[in-house]
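J.: Only the shape, not the letters, is given here:
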């Protein structure tokens, strides 16, 4: 019997009971669709993390104040007063591959302007902040070294703050605003940047000189800072630069061998590796659960094929009596199982794409369906058909023609 004839017979047999064929395919459809959707969710989340990393600035290294103890009481990470503006100068002088640096300190307060008010983050930073974060100025200019040295009351607004205080799209450059009863002049507006790598709205912030935050808003001497943002000269030097920064700060803070750091140095990889690993773990877990559906679908195919062998015992005996060989019968039932699996797999792929697109459109959930996931899902569906279809096909091929013709 030719291969073409085998396919024709297999398709004709499946078409005799369309409802049963459809229900048998349903398990495979659900399994493949679930796998495609879960992988799409995981890949979309990973791409979103990568986008947020790029938006935070390439080659970025963060230095934050560490733990501080007072009277034997731990004040917690970020409370150490030993991170100072002088540390920025030391890193700039002794770490050549630290390309851009910005001291930082932040607070949160109510801001009033143009008859409106808004509660937002006040980010004290330095003049190289836009270069570190690859952040363009939409309107006006960023503050200068003179502004930082004089602790000038000037501000650059995030787009969300601008929209809520002055109106969407309005140019507020030159306008006055009040932060803690201090009058600030608006120098510019940052371009919209969106969510950060930890979900925060990067545009919901006001950027002012860090010296201004310390002296005018926090009442401090202006030398203590809570963080230093650094951009390495190249991606392959990030870890090396981080190690050099650690060595410089330990020397500046007079930390001896065995003493814990009173600061934290984190690279972009450090800050995002946990989220990435968690996403990958969850994707694998969900895909494994979805894979169980494929196995259940395969078992359903095997059950139906076994029933089909029993129902068609006389047909099998008749075919073998007129010359069909055991391998022809085996191939026929194997083709039926593979067709069921592949057809269900292809429909499942389409359903998976639709579900992924639906999540993106209606829930604003990022999804991405990689080509290899489609290939693996379809291939697994075909393999499932072969694996679970072989036993019923082999059982059919081993039937005795005479006994089969006697079967009622």
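T.: Looks like it came in fine. Computed from a predicted structure; not experimentally measured.
J.: all helices for the stretch 1-150 of the chain, in order.
T.: 3-15, 18-56, 85-94, 129-133, 145-149 (DSSP state H, counting those that start in this stretch).
J.: low-scoring stretches of the stretch 51-200 of the chain, by residue?
T.: 51-58, 67-81, 195-199 (pLDDT under 70).
J.: sorry, back to before: to residue 307, which of the helices of the stretch 1-150 of the chain lies closest?
T.: helix 18-56 (8.6 Å; C-beta to C-beta). Using the backbone N, CA and C atoms, a C-beta is placed for each residue, glycine as well.
J.: Show the contacting residues for the closest residue to residue 110 other than its chain neighbours.
T.: Excluding the flanking residues, the one nearest residue 110 by C-beta to C-beta, 6 or more residues apart in numbering is residue 119, at 5.1 Å. Counting by C-beta atoms under 8 Å, 6 or more residues apart in numbering, residue 119 makes contact with 108, 109, 110, 111.
J.: Quick check: the last one vs residue 187, distance?
T.: The spacing between residue 111 and residue 187, counted by C-beta to C-beta, to the nearest Å, is 15 Å.
J.: so where does residue 183 fall, helix or strand?
T.: strand 182-190 (DSSP states H and E).
J.: Could you list the buried residues of that strand?
T.: By 16 or more other C-beta atoms under 10 Å, the buried positions in strand 182-190 come out as 184, 186, 187, 188, 189, 190.
J.: what is the last one paired to in the beta sheet?
T.: Same thing as residue 190. With DSSP bridges as the criterion, residue 190 is bridged to residue 137.
J.: Next: the second one.
T.: Per DSSP bridges, residues listed as beta-bridge partners of residue 186: residue 155.
J.: what's it in contact with, if anything?
T.: Contacts of residue 186 by C-beta under 8 Å, 6+ apart are 113, 140, 154, 155, 156, 157, 172, 173, 174, 175, 176, 177.
J.: helix or strand for residue 358, which one?
T.: Judged by DSSP H and E, residue 358 forms part of helix 326-363.
J.: The following helix or strand past that helix packs against which elements?
T.: Counting by DSSP H and E, the next helix or strand C-terminal to helix 326-363 is helix 371-397. Using 3 or more C-beta pairs under 8 Å, 6 or more residues apart in numbering; DSSP states H and E, the elements in contact with helix 371-397 are helix 18-56, helix 268-311, helix 326-363.
J.: circling back: to residue 242, which of the helices of the stretch 1-150 of the chain lies closest?
T.: helix 85-94 (11.0 Å).
J.: Can you list the neighbours in contact with the closest one?
T.: 63, 98, 101-103, 126, 210, 222-223, 225, 228, 230, 244-245, 248-249, 252.
J.: out of those, which are inside strands?
T.: Counted as lying in strands by DSSP state E, out of the contacts of helix 85-94, are 63, 98, 101, 102, 103, 228, 230.
J.: of all those, which two lie farthest apart?
T.: Longest span within the ones in strands among the contacts of helix 85-94, C-beta to C-beta: 98 and 103, 12.9 Å.
J.: Compare those two (neighbour count), which wins?
T.: residue 103 (30 against 23; other C-beta atoms under 10 Å).
J.: Please give me every residue in contact with the more buried one.
T.: Residue 103 neighbours (C-beta under 8 Å, 6+ apart): 85, 88, 124, 125, 126, 210, 225, 227, 228.
J.: mind running it again at 7 Å?
T.: Residue 103 makes contact with 85, 88, 126, 210, 225, 228 under the criterion C-beta atoms under 7 Å, 6 or more residues apart in numbering.
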